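Asker: Task: produce atomic coordinates for the following.
(one chain, ligands or ions: 1)
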Amino acid sequence: MKPGSVLIVGAGLAGSLLAVYLARAGWRVEVVERRGDPRARRHIAGRSINLAISARGIKALERAGLWQDIAKDAVRMGGRMIHPTAGAPHYHPYSSDPTLAINSVSRSALNLALLDAAAAEPNVTLSFDERCTGVDFSAPAATFVNDATGATRTARADLVVGTDGAYSAVRAAMQRNERFDYSQDFLGHGYKELVIPPVASGPHAPFAMEPNALHIWPRGESMMIALPNPDGSFTCTLFWRHDGEGSSFAAIRTGADALAHFRTAYPDAVPLMPTLAADFDRNPVGTMVTVRCAPWSRGAVTLLGDAAHAIVPFYGQGANASFEDCEALVDALAAKPSIGEALCAYEGARVANANAIADMAKYNFIEMRDLAGRPAWQRRKKVEHLLHRIAPVRFTPLYDLVSFSTVPYTEAKARGAATARAVSRVIGVAVSLAVALVVVAALFATGAVP
Ligand SMILES: Cc1cc2nc3c(=O)[nH]c(=O)nc-3n(C[C@H](O)[C@H](O)[C@H](O)COP(=O)(O)OP(=O)(O)OC[C@H]3O[C@@H](n4cnc5c(N)ncnc54)[C@H](O)[C@@H]3O)c2cc1C
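Answerer: Numbering: from 1, shown residues only. Predicted coordinates for the structure are as follows:
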């Protein structure tokens, strides 16, 4: 269709990338963001300090010509480094292909790079300090308030896209209409960010631990993870239950109590975290929510990114999936003769995939916090990688399909499940053979077989 005007509500990761795509496709783009303009101070406070960006995000950022620059400050993570309560950490590659890695990227730097790219397009207008308070679906238009001055205004466009995150005001307006399906499901766990600072000396200096890995301290019901930053620090994220006894934010409330708990639960991390108690006291506990809704569009207003499908962070796919949404929307607008048909095609391409990654992200929490610490899971991963090396197309593990390919999430889920069944069969056969061998050996040993 012929490009017109678009109003993008929210200049986070998805909104900024979408602005770049649509401006280059010839649309007149207005982006309105609730927060202040972060470009002067070069920092954006966010829900996590760093993010894992993988194949889907890389593809979308390459399409905007941005990945090469962002990659310069990314730290590659080729596998998981598992830290048991006792004993040395052990490394498990993500893939049987050692060249594959996910990338730890600063959320703030990524968002700034996207905003800079949007601002560089002559047909993009960026406005800050304006919070969306409502949507007129028939116009279509959105209303905004400046919370500091109280000033309000209405902005109109041919197309309105809500990229205003997990607690989207655009989605809230859609919810007031009939036949809008909506569910939100808060995780019983919260998260708190902590830090491992750079070190002056040591085998990995300035990093205190192996930099090219995602570190996991799996503890059954809870866990801590750490992602490397280019300055040599690691951002640790503690995932504990909100309520209950043991490792929970209700039971352990102060930095001093956290330090005491860490000495028994995460002993190898304590010497690396000199500011643990202060960080624990200072940093807030975040919540995690899965949001599903349908339809994503009403008239010429649509949702994209977390506004359409917030997911829990355990597959590191929320931003990656949101960037894929941007590609799907811009492709649909280019291919279809009207906005209505384009939004229909966009939703058709994305809703089932968003639901699939939401399911997989939830399951991956169990894998990370519990299974990854178990020898049986570690053996299973080895068999999975062996099968992948023997028949890479037939037996592609789920992690590879999600993180190192761009096949639709629904296909990744189905193919990953088939590979998991094949792994179970191989392990079943191997166990049966081992049992048979033991029995035969025993028969020979007892003289039952001459
Ligand atoms: C702890 C944690 C770790 C994560 N790790 C990863 C990871 O490793 N890899 C990954 O791919 N994803 C990860 N994610 C998910 C990722 O952060 C999100 O999926 C991604 O930020 C979604 O982008 P978005 O633009 O849709 O939303 P956001 O980035 O949240 O942006 C929304 C924007 O809209 C603005 N806004 C909100 N309300 C209004 C309003 N009423 N009016 C105007 N503007 C408004 C906000 O200020 C914000 O700028 C993680 C999330 C969390 C919580």
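Asker: tell me which parts of the stretch 101-250 of the chain are close to the ligand?
Answerer: Proximity of the stretch 101-250 of the chain to the ligand (CB under 6 Å from any ligand atom) is limited to residues 131-132, 163-165, 169, 191, 237. Bear in mind the C-beta positions are built from the backbone N, C-alpha and C, glycine included.
Asker: again, only this time at 5 Å
Answerer: Applying CB under 5 Å from any ligand atom, we find that the stretch 101-250 of the chain lies next to the ligand at 131-132, 163-165, 169.
Asker: What's the separation between the closest residue to residue 248 other than its chain neighbours and residue 205?
Answerer: Closest residue to residue 248 apart from its sequence neighbours, by CB to CB, 6 or more residues apart in numbering: residue 241 at 4.2 Å. Per CB to CB, to the nearest Å, residue 241 is found 35 Å from residue 205.
Asker: For these two, indicate the residue with more neighbours.
Answerer: residue 241 (18 against 11; other CB atoms under 10 Å).
Asker: Quickly list what the more buried one is bridged to.
Answerer: Bridge pairing for residue 241 (DSSP bridges) gives the partners residue 189, residue 248.
Asker: got a list of what it touches?
Answerer: Contacts for residue 241 (CB atoms under 8 Å, 6 or more residues apart in numbering) come out as 188-190, 221-222, 247-250.
Asker: just residue 175 next, same as before
Answerer: Counting by CB under 8 Å, 6+ apart, residue 175 makes contact with 182, 293.
Asker: what do you get for residue 67?
Answerer: When the contact criterion is CB under 8 Å, 6+ apart, the partners of residue 67 are 58, 61.
Asker: pLDDT score assigned to it?
Answerer: We have a pLDDT of 98 for residue 67.
Asker: Confirm residue 182 sits in a strand?
Answerer: Yes: the assignment for residue 182 is a strand, going by DSSP: H, G, I helix; E, B strand; the rest coil.
Asker: Just the pLDDT for it.
Answerer: 97.
Asker: and it, bridged to which residues?
Answerer: residue 293.
Asker: Can you get me a residue count around it?
Answerer: Neighbourhood size, residue 182 [other CB under 10 Å]: 12.
Asker: Residue 447 now?
Answerer: Neighbourhood size, residue 447 [other CB under 10 Å]: 7.
Asker: check contacts around it.
Answerer: By CB under 8 Å, 6+ apart, no residues touch residue 447.
Asker: all numbers from here: first residue = 26
Answerer: Sure thing, new numbering starts at 26, so read that last one as residue 472.
Asker: My read is that residue 99 contacts residue 132, right?
Answerer: No: judged on CB atoms under 8 Å, residue 99 makes no contact with residue 132 at a distance of 12.0 Å.
Asker: can you list the weak-confidence ranges in the stretch 176-325 of the chain?
Answerer: Of all residues in the stretch 176-325 of the chain, none has pLDDT under 70.
Asker: in it, what residue is nearest the ligand?
Answerer: Minimum separation of the stretch 176-325 of the chain from the ligand (CB to the nearest ligand atom) falls at residue 190, amounting to 3.1 Å.
Asker: residue ranges of the strands in the stretch 26-175 of the chain, please?
Answerer: 30-34, 53-57, 75-78, 100-102, 104-107, 115-118, 127-131, 149-152, 156-161, 166-170 (DSSP state E, counting those that start in this stretch).
Asker: got TSV for those, with mean pLDDT too?
Answerer: Listed next are the strands of the stretch 26-175 of the chain as TSV, based on pLDDT from 0 to 100:
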stretch	mean pLDDT
strand 30-34	98
strand 53-57	98
strand 75-78	96
strand 100-102	98
strand 104-107	97
strand 115-118	96
strand 127-131	97
strand 149-152	98
strand 156-161	98
strand 166-170	98
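Asker: I'd like the ones you listed laid out as JSON lines, including mean neighbour count.
Answerer: Shown next, in JSON lines, are the strands of the stretch 26-175 of the chain (neighbours: other CB atoms under 10 Å):
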{"stretch": "strand 30-34", "mean neighbour count": "25"}
{"stretch": "strand 53-57", "mean neighbour count": "23"}
{"stretch": "strand 75-78", "mean neighbour count": "26"}
{"stretch": "strand 100-102", "mean neighbour count": "20"}
{"stretch": "strand 104-107", "mean neighbour count": "20"}
{"stretch": "strand 115-118", "mean neighbour count": "14"}
{"stretch": "strand 127-131", "mean neighbour count": "25"}
{"stretch": "strand 149-152", "mean neighbour count": "18"}
{"stretch": "strand 156-161", "mean neighbour count": "18"}
{"stretch": "strand 166-170", "mean neighbour count": "20"}
